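below are the sequence and a predicted model; questions follow.
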Amino acid sequence: MASQRKKVLQQLIKCIEHDFGFYNPTWKWSSLPENIKNNFDLIEKDLTLWKEKGYIDLFTENDILYLKIFKVPIIENPQS
């Protein structure tokens, strides 16, 4: 399970690195690639850690989940 989580996180980081700030640092979660958006529950603890470290913000507006990027996150020790 940890390897699947790491793979999803790596894919998310790749998306962020590719598009970070080019168009807009705030994305609808639903606009992310299928493998990322469908695995929110799998990476939720890691996203919370990234939020605590100031890499991202996750917020809901009008029942839509958004991801705002402040800086490109790194995978340190994905949470169990």
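Right, received. Where do you want to start?

quick one: list the elements packing against the helix-or-strand element of the chain with minimal mean pLDDT.
None of the helices or strands of the chain scores lower by mean pLDDT, DSSP states H and E than helix 2-19, at a mean of 88. On a contact count with 3 or more Cβ pairs under 8 Å, 6 or more residues apart in numbering; DSSP states H and E, helix 2-19 meets helix 34-37, helix 40-52. (C-beta placed from N, C-alpha, C; glycine too.)

tell me the buried residues in that helix?
5, 8-9, 11-13, 15-16 (16 or more other Cβ atoms under 10 Å).

of those, closest to Lys28?
Cys15 (12.8 Å; Cβ to Cβ).

give me the mean pLDDT for the helix or strand encompassing Leu58.
Here Leu58 is covered by strand 56-61, with elements defined by DSSP states H and E. For strand 56-61, mean pLDDT rounds to 96.

same question, stretch 71-80
Averaging pLDDT along stretch 71-80 gives 70.

same deal with stretch 32-49?
95.

what about that stretch, distance to the chain center?
Distance of stretch 32-49 from the chain centroid (Cα atoms, centre = their mean, to the nearest Å) equals 6 Å.

start and end of it, how far apart?
20 Å (Cα to Cα, to the nearest Å).

going by neighbour count, list what's buried in that stretch.
Quick answer for stretch 32-49 (16+ other Cβ under 10 Å): 32, 36-37, 39, 42-43, 46-47, 49.

now the residues you listed as CSV including distance to Asn62?
As requested, these are exported to CSV (distance: Cβ to Cβ, whole Å):
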residue, distance to Asn62
Leu32, 18
Ile36, 21
Lys37, 18
Asn39, 23
Leu42, 25
Ile43, 23
Asp46, 25
Leu47, 20
Leu49, 26
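
CA atoms of stretch 55-75 as PDB?
Only the C-alpha atoms of stretch 55-75 are listed here, as PDB (Å, rounded to 0.1, in the frame of the first residue of the first chain):
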ATOM      1  CA  TYR A  55       3.700  23.600   0.800                       C
ATOM      2  CA  ILE A  56       0.000  23.600  -0.100                       C
ATOM      3  CA  ASP A  57      -3.400  24.600   1.100                       C
ATOM      4  CA  LEU A  58      -6.500  22.500   0.700                       C
ATOM      5  CA  PHE A  59      -9.800  24.300   1.000                       C
ATOM      6  CA  THR A  60     -13.400  23.900   0.000                       C
ATOM      7  CA  GLU A  61     -15.500  26.600  -1.600                       C
ATOM      8  CA  ASN A  62     -19.100  25.900  -2.700                       C
ATOM      9  CA  ASP A  63     -18.600  22.200  -2.100                       C
ATOM     10  CA  ILE A  64     -15.600  22.100  -4.400                       C
ATOM     11  CA  LEU A  65     -12.200  21.000  -3.100                       C
ATOM     12  CA  TYR A  66      -9.300  23.100  -4.200                       C
ATOM     13  CA  LEU A  67      -5.500  22.600  -4.000                       C
ATOM     14  CA  LYS A  68      -3.400  25.800  -3.700                       C
ATOM     15  CA  ILE A  69       0.300  25.400  -4.200                       C
ATOM     16  CA  PHE A  70       2.800  27.700  -2.400                       C
ATOM     17  CA  LYS A  71       5.900  25.700  -3.200                       C
ATOM     18  CA  VAL A  72       6.700  22.300  -4.700                       C
ATOM     19  CA  PRO A  73       6.300  19.600  -2.000                       C
ATOM     20  CA  ILE A  74       8.800  16.900  -1.400                       C
ATOM     21  CA  ILE A  75       8.200  13.300  -0.200                       C
END
